[in-house]
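here is a sequence together with a model predicted from it:
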Amino acid sequence: MTAEIIDIRTDRNDALDQACAVLSRGFPVAIPTETVYGLAADATNPSAITRIYETKGRPRFNPLICHMADVAMAERYASFDPISRRLAEAFWPGPLTLILPLIPESGIHPLATAGLDTVGIRLPLGFAADLIRAFGKPLAAPSANTSGKVSPTSAGHVAGDLGSKLKLILDGGASSVGVESTIVRVEGETVRLLRPGGVAAEEIEALIGRAVIRPEGPAAIIEAPGMLASHYAPSAAVRLNATHVAPGEALIRLGSDPIEGIEQAKAVFDLSPSGDLAEAAANLFDYLKKADAVGATRIAVTAIPDTGLGEAINDRLVRAAAPRE
């Protein structure tokens, strides 16, 4: 089986019709979102959710984010506290996921939540929201890649990885944000950051008027996607905070400062020559894949500022560089 690829920019109605047909039969569809490409399936259908896990090779203790068309749909499946509602009003639709208590008998299958009594909910921008609205049910949608590998930001990335396992890939061009959503959980007056992402923690702090609690060390309990120690990893080893390049290494850099040994790099990729972190985030996964493809023995990555979207970039890089199982 080779996946059919439909360009939503030229065949939007056909893409909606065919995607709804595939989803209704309980199969996943690769869809474009502003963060990364998602592997979407009916969040209420256990067979469909099982196919997500099987297609990705994803551990079933790792919960899935459920994507909604609008706040009204989200309210049918989860309950909102006042702070979560403020966050939703400020950042939805967009790259923010809220961990919320499930409403009893909501219909979201326990396989999607890994048996937890909470659910991660996000409202995506653009075509994905239109698809959910047309389908009429929430879509569970992790990134459309083999579990633990680099996330896809183009239809080509999905096709190269999972194309033989899927029936349909929808092509919406390159993802504009380029890293997954920020995930937060509100507990009383406390807001915990479970995964940095496309909404900077500083933006959340400015809205709520208090510090967001960041994790200390590896998570003991997996409450949300993206919390595994090793994740987002290319085949080549990754070396962080590089100040020089060794022979045979590919280099991923930020900005144009001189790097010792750059002339012996197998390839050089600049996330943003001007040092713009939004541009760097949008390029991160694509450049990790490209650096991996040149056959480098290792990928050296220069230091990234740990502010704004740099926090999300560094989170992905630390997990990419972590020891592999």
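Received it, and whenever you're ready, just let me know what you need. Residues are numbered from 1 along each chain as shown.

the closest residue to residue 114 other than its chain neighbours and residue 107, how far apart?
The shortest distance from residue 114 to any non-neighbouring residue, by CB to CB, 6 or more residues apart in numbering, is to residue 63 (4.0 Å). Where C-beta positions appear, they are placed from N, C-alpha and C, glycine not excepted. Residue 63 sits 16 Å away from residue 107, going by CB to CB, to the nearest Å.

neighbour count for those two, which is higher?
Counted by other CB atoms under 10 Å, residue 63 and residue 107 do not tie: residue 63 has more neighbours, with 24 against 13.

looks to me like that one is in a helix.
No: the assignment for residue 63, made by DSSP: H, G, I helix; E, B strand; the rest coil, is coil rather than a helix.

tell me the secondary structure of residue 53, please.
helix.

for the spatially closest residue to it that is not a sequence neighbour, phi and psi?
Of all residues not flanking residue 53 in the chain, residue 60 sits nearest, at 5.5 Å (CB to CB, 6+ apart). Here is the backbone geometry of residue 60 (degrees, to the nearest 10): phi -80, psi 0.

right, and residue 60 touches residue 111 too?
Yes: counting by CB atoms under 8 Å, residue 60 touches residue 111, with 7.1 Å between them.

higher neighbour count, these two?
A direct count of neighbours by other CB under 10 Å for residue 60 and residue 111 places residue 111 higher, at 20 against 14.

and for the closest residue to the more buried one other than its chain neighbours, the neighbour number?
Spatial nearest neighbour of residue 111, excluding adjacent residues (CB to CB, 6+ apart): residue 49 at 4.3 Å. A count of neighbours around residue 49, defined by other CB under 10 Å, yields 24.

do residue 260 as well
11.

what are the phi and psi angles of it?
The phi/psi pair for residue 260 (degrees, to the nearest 10) reads phi -60, psi 130.

quick one, strands of this protein?
4-7, 29-31, 38-42, 65-67, 96-101, 118-122, 139-140, 168-171, 182-187, 190-195, 237-239, 249-253, 267-270, 298-301 (DSSP state E).
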